[in-house]
Every structure is written in structure tokens, then in C-alpha cells.
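Enquirer: what's the 3D shape of this:
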Amino acid sequence: MVSTSNKIVILWNEFHKFYGKKDFKKIPEIMDKIIQIKYDDQYAYMYKAYALDELKQYEESLKCLDIALNIDKKFIRALNIKGCVFVNLKKFNKAIQCYDKALEIDPTYFRALANKGNALYELGRFDESIQCYDKALEIDLKDKKISYRKGNACFILEKFNKAIQCYDKALEIDPTYFRALANKGNAFYELDRFDESIQCYDKALEIDPRNNQILESKKEALIRKNRDIDN
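Expert: Sure, this is the predicted structure:
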């Protein structure tokens, strides 16, 4: 007869198999089986919530996270996931509240800083989003997405040189980062630096030769460049 502890080990192993494949449909059922054995397992509720979020069952996900947080009020991973669920529901202020609670517990929690920056970005609070990205980058300079998102916030604020610096940092980490190349080209375009803009578009087109948006952007940059030459 299999002992209770062994049953839990078997179920967690089964979970990891599906989680590794990003096959989320089976995970809630597996977590329910763990909860039946150990009703106060906050990790089982958290991973069930994570899977439900991936399956777009947001309200059910929030219920699981509330149970996990009733078990452990300082469960920062659950707070972070709860924030992400609210983002998916477009409830950005509620998301920020969750990230703030996580950061009260651990001010260096990278994921909450990054996600708070993203939520602020969605609300159009770009200066505040940049502050969060800066704090996140103090913890992990190697996250290309944060440098990219910071670049986008700078771009919207028309701080194009700063945006280029951010895109460059992202491209130092991944020289084939298509979106960073494309937006770096756009930033150069806004500065009327059309040769450099075209170079960025060309590098982006090496990755995605049929991207119509980049093809059009390059075409417009060439027109503007030739117009300047003619003048």
C-alpha cells in the first residue's frame, strides 16, 4: 500500500511532467488530489491558480490564490501571480496593489518590480514604470525584456536617445531580439537619423524578411533620407 507521503511525491512528479510541457489542463486536477491529502498546502493552491490563469479561468484562479494567502499571508509568489491575473483582467490598479504587498515583504523581489512596471506602463504612468524597471535592473541586468520595456516607456515620453540606450542593452543580451531592433530603428527615425534607422530595419529584416511593418518603416526612412539629400 502506498503511503500518504509517497502519494504526494507521485502527484508532484506528475505535476512537473505536465508543467514542463506547459500542458496546464491536467494540473488543476492533480493539485486537487494533493489538496485532498494535504488541505493546507499553499503551493498546491498556487500552482492550481497558475494553471487556471493560463487556461483563462481568472475568477477561479483568484479564489485559489485567496486560499493560498489565507494559509500564508506573506506568500509573495501568490501575491505576484494574483497581480498577473488582475493584469489579464485589465484591472491594473488592483494588480499594482498586489505587487506592492509583495514588495512590502521583499523590496528586492524582481518579478514583482518588473510586473509592477508593466502594469504602470499599461496605465500610461510611464515615469513610474521606468522607476520600477530601474529597480528591477539593479537586481538583474540580464533581463532583456525589462530593458526593452524601459526603452518603450522612454520612447513614448519622446526620450529617444535614452530609448536607444535601453534597446542597445537588450541587444547586448540578445543581438537577434527583433522587437528591440525594430524599435531602435523607430527611435533613430524620430531623431532624423535615417541611415542608422535603416541599418536597424535591415538587421530586423534579416530575422523576419517578410515583416510588412518593418518593410514600410524602411521605405519611409529611405523616402525621408532622399528628401533631405534633395534639399
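Enquirer: can you tell me which residues contact Y58?
Expert: By C-beta atoms under 8 Å, 6 or more residues apart in numbering, the contact list for Y58 reads 52, 85, 88-89. All C-beta spots, glycine's among them, are computed from the backbone N, C-alpha and C.
Enquirer: can you rerun that using 6 Å?
Expert: Shown in contact with Y58 (C-beta atoms under 6 Å, 6 or more residues apart in numbering): 85, 88-89.
Enquirer: now it: how far from Y121?
Expert: Computed as C-beta to C-beta, to the nearest Å, the Y58 to Y121 distance reads 20 Å.
Enquirer: before we move on, the earlier item: may I see the contacts of Y58 organised as a markdown table, with distance to S129 added?
Expert: Formatted as a markdown table, these follow (distance: C-beta to C-beta, whole Å):
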| residue | distance to S129 |
| --- | --- |
| V85 | 20 |
| N88 | 18 |
| L89 | 19 |
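Enquirer: Out of those, which comes closest to N183?
Expert: Distance to N183, by C-beta to C-beta, is smallest for N88 among these, at 24.2 Å.
Enquirer: any idea how far K116 is from that closest one?
Expert: With distances taken as C-beta to C-beta, N88 is found 15 Å from K116.
Enquirer: And the two? Which one has more around it.
Expert: K116 (29 against 14; other C-beta atoms under 10 Å).
Enquirer: give me the element the residue nearest to the more buried one when sequence neighbours are not counted is part of.
Expert: Closest residue to K116 apart from its sequence neighbours, by C-beta to C-beta, 6 or more residues apart in numbering: Y99 at 3.9 Å. Assigned by DSSP states H and E, Y99 belongs to helix 92-105.
Enquirer: could you list every residue that touches the residue nearest to the spatial centre of the chain?
Expert: With distances taken as C-alpha atoms, centre = their mean, N115 lies nearest the centre of the chain, 6.4 Å away. N115 sits next to 83, 99 when contact means C-beta under 6 Å, 6+ apart.
Enquirer: hmm, try it at 8 Å
Expert: 80, 83-84, 87, 95, 99 are the contacts of N115 under C-beta under 8 Å, 6+ apart.
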